[in-house]
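Chemist: Sharing a model that was predicted from the sequence below.
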Amino acid sequence: MKRFFQFLGKGLAVLLLTMIVLDVLYTVVYKQSDDRNKISHLYHSENQQYDVVFLGSSRVNNHFVPKYFNDRGYKTYNFGITRSRLEESALMLKLMVERNYVIDTLILQVDLNINTNDHSEAIRSLFMPYLHQSKTIREHYKDIPEYNELLLVPFYRYMHYDARIGFREMYASLVHKETNALHRDGFNALTKNQRPMVAADLSKYYPKRNKAYEEIKAVCKANNIHLIAVTTPMCMSTINRAYFNHIQKVYPEIYRLEDAVTDDQYFSTCGHLNEKGAIEYTKAVFDQFFKPRN
């Protein structure tokens, strides 16, 4: 029995040591890679100065064209991330503050993402390699149920989020395999047009006060960032377009721009613009809030 426990103890010690070594190796790789996604790019940059940044989900990632602003004298970047929610946008903004970004104006998408206070598990995983290095990330996630395991158990966060930051992604980061996430100042265009257009159904969406949006407003106020919250286009066949009326009842300060682009020729799907539509929408936003500097 004594030998059994000795064998078991040695096995557990080897397992623990292996987990510690793997944790260190994965973290070192992610710490030197800044070209795979917008979160790694943000974490590895500092002291940036932007006239305008864009934050939100795919309805920012695919809808705002920084070049249109840049050509008119504004330094901008699209930090929108497909599948993200307002919670992830709030953490992105707080990381910008931590990394000493100076931002004049934040344009934030607030429409379909305001109907929930939940998070995106897929996007949350992309912050995990930097959990030990960033106080902002630790503070943001300190109240989630699995926080202690993620922080204290070696390699647990990489196993827990293996699909997003496991071996395959670690290896791609190690060899600096490029993605298109950072091309065109963060704008990722949709080109395929779906015909006929399938109507989106917003009947089950209910706008409500959102904790992350409130946090974003507070961070902007504390750091003298001008916040412009906007809705983004949906095709005209969308079921229950009255949803947007309800948004403004909850938050009257949100600018209604869901009708800035309406023609189906500008949509890839009912809820997403194609590249021509993105240019039209970006132009509408620019014309409403900005003037050319050159």
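Modeler: Great, that's in hand.

Chemist: what residue lies at the spatial centre of this structure?
Modeler: Residue closest to the mean C-alpha point of the chain, counted by Cα atoms, centre = their mean, is I81 at 3.7 Å.

Chemist: quick one, phi/psi of that one?
Modeler: Dihedral pair for I81: phi -130, psi 120, per degrees, to the nearest 10.

Chemist: and what of S84?
Modeler: Phi and psi for S84, reported as degrees, to the nearest 10, are phi -80, psi 160.

Chemist: Now do the same contact list for the closest residue to it other than its chain neighbours.
Modeler: The shortest distance from S84 to any non-neighbouring residue, by Cβ to Cβ, 6 or more residues apart in numbering, is to I123 (4.5 Å). For glycine as for every other residue, the C-beta is placed from the backbone atoms N, C-alpha and C. Residues near I123 by Cβ atoms under 8 Å, 6 or more residues apart in numbering: I39, I81, R83, S84, R85, E88.

Chemist: measure I123 to L106 for me?
Modeler: Going from I123 to L106 by Cβ to Cβ, to the nearest Å gives 18 Å.

Chemist: Also T116?
Modeler: Separation of T116 from L106 (Cβ to Cβ) stands at 21 Å.

Chemist: next one: G277
Modeler: Per Cβ to Cβ, G277 is found 23 Å from L106.

Chemist: ok, T116 and L106, which is more surrounded?
Modeler: L106 (24 against 15; other Cβ atoms under 10 Å).

Chemist: What strand or helix carries the more buried one?
Modeler: strand 102-109 (DSSP states H and E).

Chemist: Could you give the average pLDDT over whichever helix or strand comes after that strand?
Modeler: The helix or strand immediately downstream of strand 102-109 is helix 121-124, counting by DSSP H and E. The average pLDDT within helix 121-124 is 96.

Chemist: from the middle of its chain, how far away would helix 121-124 be?
Modeler: Its chain's C-alpha centre and that of helix 121-124 lie 9 Å apart, by Cα atoms, centre = their mean, to the nearest Å.

Chemist: returning to what we had before: was I right about the residue nearest to the centre of the chain contacting N61?
Modeler: Yes: the pair I81 / N61 is scored as a contact, 6.1 Å apart, by Cβ atoms under 8 Å.

Chemist: Pull up the gap between the residue nearest to the centre of the chain and L15, please.
Modeler: Taking Cβ to Cβ, one finds I81 at 35 Å from L15.

Chemist: H272 versus K204, what's the distance?
Modeler: For K204, the distance to H272 - Cβ to Cβ - is 19 Å.

Chemist: now I239
Modeler: 16 Å.

Chemist: Sketch out the low-pLDDT regions of the protein for me.
Modeler: Scanning the chain for pLDDT under 70 picks out 1-2, 4-11, 192-195.

Chemist: could you point out the longest helix in it?
Modeler: If each helix of the chain is counted by residues according to DSSP state H, the longest one is helix 2-31.

Chemist: Can you give me the buried ones in it?
Modeler: When neighbours are counted by 16 or more other Cβ atoms under 10 Å, the buried residues of helix 2-31 are found to be M19, L22, D23, Y26, T27, V29, Y30.

Chemist: Assess the claim that the last one and Y171 are in contact.
Modeler: No: taking Cβ under 8 Å as the contact criterion, Y30 and Y171 are not neighbours in contact, 11.5 Å apart.

Chemist: those strands in the stretch 101-250 of the chain, which residues are they?
Modeler: With DSSP state E, counting those that start in this stretch, the ranges of strands along the stretch 101-250 of the chain come out as 102-109, 226-230.

Chemist: Would you tell me which one of those strands is buried the most?
Modeler: Greatest average neighbour count among these goes to strand 102-109 (a mean of 21), per mean count of other Cβ atoms under 10 Å.

Chemist: elements contacting that strand?
Modeler: strand 49-55, helix 86-98, helix 211-222, strand 226-230 (3 or more Cβ pairs under 8 Å, 6 or more residues apart in numbering; DSSP states H and E).

Chemist: 7 Å instead, please
Modeler: strand 49-55, helix 86-98, strand 226-230 (3 or more Cβ pairs under 7 Å, 6 or more residues apart in numbering; DSSP states H and E).
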